[in-house]
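Trainee: Kindly return the folded structure for what I paste below:
(one chain, ligands or ions: 1)
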Amino acid sequence: MKLLASKNSPFARKVRVAFAEKKIEYTLVEQDPWEPGNIVSDHSPLGKVPVLVLEDGTTLFDSRVIVEYIDLVSPVSRLIPEPTRQRILVKRWEALGDGLLDAAIGARMEARRPKRQQNPANIERQLGRMRAAVETMARDLGDRTWCNGEAYSLADIATGVALAYLDFRHPEFAWRDSAPNLARLLQKLSQRPSFENTQPE
Ligand SMILES: N[C@@H](CCC(=O)N[C@@H](CS)C(=O)NCC(=O)O)C(=O)O
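Mentor: Have a look, this model is predicted:
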């Protein structure tokens with residue numbers, strides 16, 4: 001299996017953490033979808049990373065589909081629980097983490113445009129989403145050990161990857177001040193080899 005991914009993509013990181021937790025071997029093919037000459041569009045009509053290319057040539061995207069596939073092909077360390085309600089709540093956490101990332105990336109893209117072309121209202125809209133997402137994560141985590149209660153799951157991976165991305169690309173966004181429980185969660189997650197070995201560069 002080949003994973004087309006850039007080391008700084010948080011969506012790709014979610015998949016790489018999942019691979020590590022599941023102890024599944026794969027080949028990382030580093031691709032930057034913004035670089036001219038990249039081959040991502042040859043494998044996905046959406047031109048975004050991550051894309052997983054299976055042995056028979058089937059291509060899987062996006063990160064949510066890939067993670068679900070990885071979890072289903074090996075019973076080792078289930079990341080998405082089977083009971084319907086638990087499963088849906090874990091997927092909800094994933095949607096929240098991914099949504100936080102979409103907003104964080106959107107804010108960054110807007111801020112990187114030449115000053116005169118920037119739309120400050122769009123930046124504020126994305127920042128508002130980021131604040132609301134962190135607030136919801138903190139409230140839903142409460143004083144539990146893991147996002148989905150007692151067991152580590154994809155919910156923690158998606159949440160940890162999204163919060164770590166805020167540190168990486170939005171260091172000024174002081175999310176820890178209002179969410180010490182999330183700060184403790186990220187601290188704990190960062191000590192896992194799966195997170196340690198997939199840090200952005
Ligand atoms: N929903 C997608 C999002 C993937 C995504 O946005 N990837 C970014 C890198 S972090 C990308 O490839 N962007 C290239 C582009 O927008 O052209 C997923 O979960 O995989």
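
Trainee: Walking through the chain, point out its helices one by one.
Mentor: For the chain, the helices defined by DSSP state H cover 10-22, 40-43, 63-73, 84-112, 120-141, 154-169, 180-190, 193-196.

Trainee: Tabulate those in JSON lines, adding columns for mean pLDDT.
Mentor: Compiled in JSON lines, the helices of the chain are given as follows (pLDDT from 0 to 100):
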{"stretch": "helix 10-22", "mean pLDDT": "98"}
{"stretch": "helix 40-43", "mean pLDDT": "97"}
{"stretch": "helix 63-73", "mean pLDDT": "98"}
{"stretch": "helix 84-112", "mean pLDDT": "98"}
{"stretch": "helix 120-141", "mean pLDDT": "98"}
{"stretch": "helix 154-169", "mean pLDDT": "98"}
{"stretch": "helix 180-190", "mean pLDDT": "98"}
{"stretch": "helix 193-196", "mean pLDDT": "98"}
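
Trainee: Is it possible to get a markdown table of these that adds distance to the ligand and mean neighbour count?
Mentor: Glycine gets a C-beta too; all of them are placed from N, C-alpha and C. Formatted as a markdown table, the helices of the chain follow (distance: least, C-beta to the nearest ligand atom, whole Å; neighbours: other C-beta atoms under 10 Å):
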| stretch | distance to the ligand | mean neighbour count |
| --- | --- | --- |
| helix 10-22 | 4 | 24 |
| helix 40-43 | 7 | 17 |
| helix 63-73 | 3 | 19 |
| helix 84-112 | 6 | 18 |
| helix 120-141 | 14 | 16 |
| helix 154-169 | 9 | 25 |
| helix 180-190 | 19 | 16 |
| helix 193-196 | 17 | 16 |
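
Trainee: The residue of the chain most remote from its centre and W34: what is the separation?
Mentor: Centroid-distance maximum for the chain: R116 at 31.2 Å, with C-alpha atoms, centre = their mean. Using C-beta to C-beta, to the nearest Å, R116 is found at 22 Å from W34.

Trainee: try F61
Mentor: For F61 relative to W34 (C-beta to C-beta), the value is 17 Å.

Trainee: So these two - more neighbours on which side?
Mentor: Between F61 and W34, counted using other C-beta atoms under 10 Å, F61 has the larger neighbour count: 21 against 9.

Trainee: For that one, list the residues it contacts.
Mentor: Going by C-beta atoms under 8 Å, 6 or more residues apart in numbering, F61 touches S44, L46, K48, P50, V51, L52.

Trainee: run the last query once more with 6 Å
Mentor: S44, V51 (C-beta atoms under 6 Å, 6 or more residues apart in numbering).

Trainee: Against L46, how distant is it?
Mentor: From F61 across to L46, the span is 6 Å (C-beta to C-beta).

Trainee: Same check on T159?
Mentor: 24 Å.

Trainee: what would the helices of the chain look like in JSON lines with distance to N148?
Mentor: Shown next, in JSON lines, are the helices of the chain (distance: least, C-beta to C-beta, whole Å):
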{"stretch": "helix 10-22", "distance to N148": "14"}
{"stretch": "helix 40-43", "distance to N148": "32"}
{"stretch": "helix 63-73", "distance to N148": "14"}
{"stretch": "helix 84-112", "distance to N148": "5"}
{"stretch": "helix 120-141", "distance to N148": "10"}
{"stretch": "helix 154-169", "distance to N148": "5"}
{"stretch": "helix 180-190", "distance to N148": "12"}
{"stretch": "helix 193-196", "distance to N148": "17"}
